[in-house]
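Undergrad: Sequence plus the predicted model coming up.
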Amino acid sequence: MCGIAGFCDFKRNLLQEKICNTTLLKKMHDTLSHRGSDNFGIFLSQTAGLSHARLSIRDIKGGNQPMTRKKDGQNYTICYNGEIYNTDELKSELGKCGYEFFTTSDTEIILYSFMEYGPTFVNKLNGIFSFAIWDEGTCQLYLYRDRVGVKPLFYYSRAETFVFASEPKALFVHPSVSPEINLESIQQILGIGPARTPGASYFSNINEVIPGHYLVINKYGICDHTYWELSS
């Protein structure tokens, strides 16, 4: 189990307040440190920041996150929580495409797969996961969640600010987010708790990435894509 968190802002230059935003990412990590105490990492660019609390399982020395790789002069950065079961198969395919591997972690496999196949690459993954990828070239943030929602992923979106995390309490560290229970939340707690409607949370303006979905976040808003759904 690992913890991921981060934010993006398409109106402000986050690097102009580098110390403040770096501190904010560290505080978000601290809130999630119980999910992974082996390593801590942050990434900050002009538009986006990512934070990771790592529980080391694969490639203990080389798999630290956030992880950045470059293709055609553009950087791609990932923070990831989960486990991919078909890593070897994907690695073989990517090797034939000319990718050079610097770790034995599944994190690198996921990132390279995104870089090679595009956003719909998630259909190739067999595993449990939630992860964020920042595409510097297109200035877009991608959030992915596994098919049945084993790994959690929550987000807040309002105006030009977008915040995400493995747990809601990490969202509340961000100054734009406050913990407010709404009527619908109370109804869900009393009516179907501890379950809840897919995509909903118990707090106002906070949602959950729906299992089998991925989000694309850019300056125009949020686009929700379904890549898998249960059929009978």
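TA: Structure received.
Undergrad: What is the least confident helix or strand in the protein?
TA: Using mean pLDDT, DSSP states H and E, the weakest-scoring helix or strand in the chain turns out to be helix 183-192, at a mean of 81.
Undergrad: List of residues touching whichever helix or strand comes after it?
TA: Using DSSP states H and E, the next helix or strand after helix 183-192 towards the C-terminus is strand 206-208. Contact with strand 206-208 is made by 152-157, 168, 171, 177, 198-201, as judged by C-beta atoms under 8 Å, 6 or more residues apart in numbering. Every C-beta, even on glycine, is put in place using the N, C-alpha and C of the backbone.
Undergrad: go again using 10 Å as the cut-off
TA: 145, 149, 152-157, 163-165, 168, 171-172, 177-180, 182, 185, 196-201, 215, 222, 224 (C-beta atoms under 10 Å, 6 or more residues apart in numbering).
Undergrad: didn't Pro168 look like it was pressed against Glu180?
TA: No - with contact defined as C-beta atoms under 10 Å, Pro168 and Glu180 do not form a contacting pair (11.2 Å).
Undergrad: Restricting to C-alpha, output the longest strand belonging to the chain in PDB.
TA: Using DSSP state E, we find that the single longest strand of the chain is strand 74-84. What follows is strand 74-84, C-alpha atoms only, in PDB (Å, rounded to 0.1, in the frame of the first residue of the first chain):
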ATOM      1  CA  GLN A  74       8.700  15.900 -23.300                       C
ATOM      2  CA  ASN A  75       8.600  14.800 -19.600                       C
ATOM      3  CA  TYR A  76       6.000  12.500 -18.100                       C
ATOM      4  CA  THR A  77       5.800  12.000 -14.300                       C
ATOM      5  CA  ILE A  78       3.900   9.400 -12.300                       C
ATOM      6  CA  CYS A  79       2.900   8.700  -8.700                       C
ATOM      7  CA  TYR A  80       1.400   5.300  -8.300                       C
ATOM      8  CA  ASN A  81      -0.200   2.900  -5.700                       C
ATOM      9  CA  GLY A  82      -0.900  -0.700  -6.500                       C
ATOM     10  CA  GLU A  83       0.400  -3.900  -8.100                       C
ATOM     11  CA  ILE A  84       0.500  -4.900 -11.800                       C
END
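Undergrad: List the buried residues in whichever helix or strand comes after it.
TA: The first helix or strand that comes after strand 74-84 along the chain, using DSSP H and E, is helix 87-96. Within helix 87-96, the residues scored as buried using 16 or more other C-beta atoms under 10 Å are 87, 90-91, 93-94.
Undergrad: Figure out how far the helix or strand following helix 87-96 is from the centre of its chain.
TA: Toward the C-terminus, helix 87-96 is succeeded by helix 106-117 as the next helix or strand (DSSP H and E). Centre-to-centre, helix 106-117 and its host chain are 14 Å apart (C-alpha atoms, centre = their mean, to the nearest Å).
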